[in-house]
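Asker: Below is the structure, and that's it, no one-letter string:
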């Protein structure tokens, strides 16, 4: 009985020892693989290098192959090392061996295809990448690599089918796919849309942003109109699109984006939005509402319900000392028609205001890159406690699509240019005189 | 009772077939390619192939792009710290971009390659004489071209805007080591397990003596 137990124990010990040995070999080989292919450099990897008596990634990969000659991972590591040093023929052989050992691994086919392409073997690369796509049809990277290869081989239609599928699977590919379509189709927005035809909001937003950045505002707004929603993840993209369209001076399109973001009807009439300052102003939000310049020293702005010419409140601006007179304190962008006569008016009230630079309202042609001034209202002054209307008529230029109304101070003759006192503004309005409507 | 079971079985089979067919339809619908775009055919466009160090992404026209990406003429290419890039232009040659470098790359079907160095260092190698064009590295202030006797060029842009030899501008940072756990647990676990199993077999069935 005891002899039987001893035999079993010895047999089990040998079995365990063999298991330990095999496991150690696998562990050592895999650690060498991680060192060679994945840059692992911790103490354990260093220990493995000492045990294996190797000291560089190439010899580590070779040792891993020697330890586990039937392991695809070892050949993958060897291929990766050889690829990294530019030995593409040897790398191709290593990846081909790995593929033989693990033929259903899409990633090994992908690496083989990429390496074959690097090795000027486009036909072989095409076969390998097609196999990778077949094994992992829902993964983006095989489609991306195959699409790029087909593009370089001149098979443009299928290339963009693959690139599009890659981008649908991984939206981070959209900018590159769009950039390629833009270049291949010689900056033809319609052709780029035709070959990419995104079906979700992420792709459409990417296209809209690209077109806006490349002065294709009509194509950009066309993509924007097809967005199912501008809420959730799409909102950030739509806000960026608004900024891009404003930068491109595509004001009509920008207005459409802005109204949709705000949930407003997309009527593009010339008007001062919230000219009575009855609504809240969100600082730092671009668009066609009031914009407050943040951080202007010695100037404080607030809503004042105690003083108003109309409605329930007005905008109060308190001046406490020196500030840059030319910097706008408050602006609003508004759509206008070209070559059209307009009337702008504002009600103001001042108290104890003292400065060599009076507050004024200027109207700048926002469509003009030079920002030419179309009109400047007379200085905003009033008798104490009596609201005073200041108004001016002006004509827009032939190319004017939008104007920017700015509240600022006139420049002083010297520097510094302090201001003290309080200014209230209310009931700012604009009306089209050419259309025959009476000024409001 | 048997007839009822048979009928029930048939119904279930039919239901299973309908469900399988429905799923197959969904799969086919999802996998179908989109309709032919009908876009006008592009002119033959010359392309280049990007390879980056360790497949790490670089920036092309402001977008992140890695190995296997396609470069078109006019592209602005920028490499980050520690990542070099190679642009294979086929018969025209190869452009090698060092880390922390930025170029504008123009090329045509005749093998003319123009590399404007905006930052860092670049090397160009003319591959063969199959194409008549030359390769040029230039900046706003200087220019260098390949010729019959000189098929490889390398240059860095200097703070003055002139071109200097490769190495005149530091572009390569220190390498960093990576850390991962790997097979530590595997080997330690295997050794521990083996020892435990051995101990179990050796001591199995024998009661320790008092």
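Answerer: Ah, there it is. Quantities reported herein were computed from a predicted structural model and do not represent experimental measurements.

Asker: any idea how far the closest residue to chain B within the stretch 201-350 of chain A lies from residue A:184?
Answerer: Nearest to chain B in the stretch 201-350 of chain A, going by Cβ to the nearest Cβ, is residue A:213, at a distance of 8.8 Å. For every residue, glycine as well, the C-beta is placed using N, CA and C. Distance from residue A:213 to residue A:184, counting by Cβ to Cβ, to the nearest Å: 18 Å.

Asker: now do residue A:17
Answerer: Distance from residue A:17 to residue A:184, by Cβ to Cβ: 63 Å.

Asker: And residue A:217, by the same measure?
Answerer: From residue A:217 to residue A:184 the distance is 22 Å (Cβ to Cβ).

Asker: One more: residue A:165?
Answerer: 17 Å.

Asker: for residue A:115, same thing?
Answerer: Taking Cβ to Cβ, one finds residue A:115 at 25 Å from residue A:184.

Asker: now do residue A:225
Answerer: Distance from residue A:225 to residue A:184, by Cβ to Cβ: 25 Å.

Asker: These two - which one has more neighbours?
Answerer: Ranked by neighbour count (other Cβ atoms under 10 Å in any protein chain shown), residue A:225 and residue A:184 place residue A:184 first, with 23 against 13.

Asker: re the thing from before, in which helix or strand would I find the nearest residue to the residue of the stretch 201-350 of chain A closest to chain B once chain neighbours are set aside?
Answerer: Nearest residue to residue A:213 in three dimensions, chain neighbours excluded: residue A:244, at 5.6 Å (Cβ to Cβ, 6 or more residues apart in numbering or on different chains). Remark: residue A:244 resides in helix A:233-247, with elements defined by DSSP states H and E.

Asker: Which elements pack onto that helix?
Answerer: For helix A:233-247, the packing partners by 3 or more Cβ pairs under 8 Å, 6 or more residues apart in numbering or on different chains; DSSP states H and E come out as helix A:201-213, helix A:217-225, helix A:251-262.

Asker: so what does the first one touch, helix or strand wise?
Answerer: Under the contact criterion of 3+ Cβ pairs under 8 Å, 6+ apart, helix A:201-213 touches helix A:156-169, helix A:174-184, helix A:189-196, helix A:217-225, helix A:233-247.

Asker: quick check: mean pLDDT across that helix?
Answerer: On average, the pLDDT along helix A:201-213 is 95.

Asker: and the angle from that helix to helix A:189-196?
Answerer: Orientation note: helix A:201-213 sits at an angle of 160 degrees relative to helix A:189-196 (axes from the mean of the first three to the mean of the last three Cα atoms, to 10 degrees).

Asker: Please apply the same query to the second one.
Answerer: Relative orientation of helix A:217-225 and helix A:189-196, computed by the same axes, to 10 degrees: 40 degrees.

Asker: Any part of helix A:217-225 near chain B?
Answerer: No: under the criterion of Cβ under 8 Å from any Cβ of the partner chain, chain B is not reached by helix A:217-225; the shortest gap measures 13.6 Å.

Asker: And that helix, what's buried?
Answerer: A:217, A:219, A:220, A:221, A:222, A:223, A:224 (16 or more other Cβ atoms under 10 Å in any protein chain shown).

Asker: What's the separation between the nearest residue to the last one once chain neighbours are set aside and residue A:260?
Answerer: Which is residue A:224. Nearest residue to residue A:224, sequence neighbours excluded (Cβ to Cβ, 6+ apart): residue A:208, at 4.9 Å. Applying Cβ to Cβ, the value for residue A:208 to residue A:260 is 12 Å.

Asker: Overlap of the contact sets of these two?
Answerer: Listed contacts common to residue A:208 and residue A:260 are residue A:224; contacts here mean Cβ atoms under 8 Å, 6 or more residues apart in numbering or on different chains.

Asker: which regions of chain B sit below the pLDDT cut-off?
Answerer: For chain B, the stretches with pLDDT under 70 are B:1-7, B:15, B:17-44, B:168-210.

Asker: Report whether stretch A:155-166 contacts chain B.
Answerer: Yes: against chain B, stretch A:155-166 shows contacts by Cβ under 8 Å from any Cβ at A:156, A:157, A:160, A:161, A:164.

Asker: remind me which residues of chain A are low pLDDT?
Answerer: A:1, A:268, A:435-440.

Asker: Verify the stated contact: residue A:118 with residue B:55.
Answerer: No: with contacts counted by Cβ atoms under 8 Å, residue A:118 stays clear of residue B:55, the gap being 11.1 Å.

Asker: higher neighbour count, the two?
Answerer: residue A:118 (21 against 15).

Asker: Which residue is the nearest non-sequential neighbour of the more buried one?
Answerer: residue A:88 (4.7 Å).

Asker: ok, residue A:208 and residue A:260, which is more surrounded?
Answerer: Shown here are residue A:208 and residue A:260; by other Cβ under 10 Å, residue A:208 has more neighbours (31 against 18).

Asker: Would you indicate which residues of stretch A:85-93 are buried?
Answerer: A:87, A:88, A:90, A:91, A:92, A:93.

Asker: wait, is the fourth one part of a helix?
Answerer: Yes: Residue A:91: assigned to a helix according to DSSP: H, G, I helix; E, B strand; the rest coil.

Asker: if I pick it, what's in contact with it?
Answerer: Residue A:91 neighbours (Cβ under 8 Å, 6+ apart): A:78, A:79, A:80, A:82, A:83, A:115, A:118, A:119.

Asker: cutoff 6 Å now
Answerer: Residue A:91 sits next to A:79, A:82, A:83, A:115 when contact means Cβ atoms under 6 Å, 6 or more residues apart in numbering or on different chains.

Asker: Now do whatever helix or strand the third one lives in: distance to the chain's middle.
Answerer: When secondary structure is defined using DSSP H and E, the element that contains residue A:83 is helix A:72-84. Taking Cα atoms, centre = their mean, to the nearest Å, one finds helix A:72-84 lying 36 Å from the centre of the chain it belongs to.

Asker: residues making contact with that helix?
Answerer: Contacts for helix A:72-84 (Cβ under 6 Å, 6+ apart): A:29, A:33, A:36-37, A:57-58, A:61, A:64-65, A:68, A:90-91, A:94-95, A:97-98, A:101-102, A:115, B:54.

Asker: how about a cut-off of 8 Å?
Answerer: Taking Cβ under 8 Å, 6+ apart as the rule, helix A:72-84 contacts A:29-30, A:32-33, A:36-37, A:57-58, A:60-62, A:64-65, A:67-68, A:88, A:90-95, A:97-99, A:101-102, A:105, A:108, A:111-112, A:115, A:118, B:53-54.
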